[in-house]
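Student: coords please:
(one chain, ligands or ions: 1)
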Amino acid sequence: MLGTLCRYLRFMGYDTESASGYREGNTREDTLLLKRAQGEGRVLLTMDRELARRGGEGAILLEDRDVMEQLRVLTRTGLIVPALRLNRCSLCNTLLRAAREDEVSRARHAPRSTPGMEFFWCPRCRKLYWQGSHGKDLEKRIKENILKD
Ligand SMILES: [Zn+2]
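Tutor: I've put the predicted structure just below:
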């Protein structure tokens, strides 16, 4: 349910695990999820009121479906400082490293390297990241939507 938020938080550098493998509204699965969050020292983000209630202080209830509004709530609670860091894979949560030249040249869809352009590599997904239009766009949305208030 919070897939977009999960990707955005990873773009911001936060160690974020997705609970998409768990079934919603299933009490036993909720218990496992809460145990896992607690065991790994994670804050549980959920749109499920009952799950948030059971999570107590270790959970945050998100009521708005809009991802920018969700980020605003997390900023207000002090859980995050919204800024684009691009140091974590948005797909698998692995920390990125600087990409080697051959990784950049072999990647499809990669823009031509220009001075000052930085490339990063996820060793797990073998996916190339760069500070391009997507990152810039997200950074602009963060500035306009979250940091304004
Ligand atoms: Zn990855």
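
Student: got a list of contacts for the helix or strand where L74 lies?
Tutor: L74 belongs to helix 67-76 when assigned by DSSP states H and E. With contacts defined as CB atoms under 8 Å, 6 or more residues apart in numbering, helix 67-76 is touched by 2, 4-5, 8, 45, 60, 62, 64, 80-82, 141-142, 145-146, 149. In short, each C-beta sits where N, CA and C put it, glycine included.

Student: State the pLDDT value of the closest residue to M1 other than its chain neighbours.
Tutor: Once flanking residues are discounted, M1 sits nearest to M47: 5.5 Å by CB to CB, 6 or more residues apart in numbering. Model confidence at M47, given as pLDDT, is 95.

Student: residue contacts, M47?
Tutor: So M47 contacts M1, L2, L61, L62, E63, R65 (CB under 8 Å, 6+ apart).

Student: Kindly reformat those as a markdown table containing pLDDT and neighbour count.
Tutor: Below are the contacts of M47 laid out as a markdown table (pLDDT from 0 to 100; neighbours: other CB atoms under 10 Å):
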| residue | pLDDT | neighbour count |
| --- | --- | --- |
| M1 | 77 | 15 |
| L2 | 93 | 19 |
| L61 | 97 | 16 |
| L62 | 97 | 20 |
| E63 | 96 | 10 |
| R65 | 95 | 12 |
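
Student: what's the closest of those residues to the ion?
Tutor: Nearest to the ion among the contacts of M47: L2, at 18.5 Å, using CB to the ion.

Student: Quickly note the distance from the closest one to L71.
Tutor: Using CB to CB, to the nearest Å, L2 is found at 11 Å from L71.

Student: All set now, cheers.
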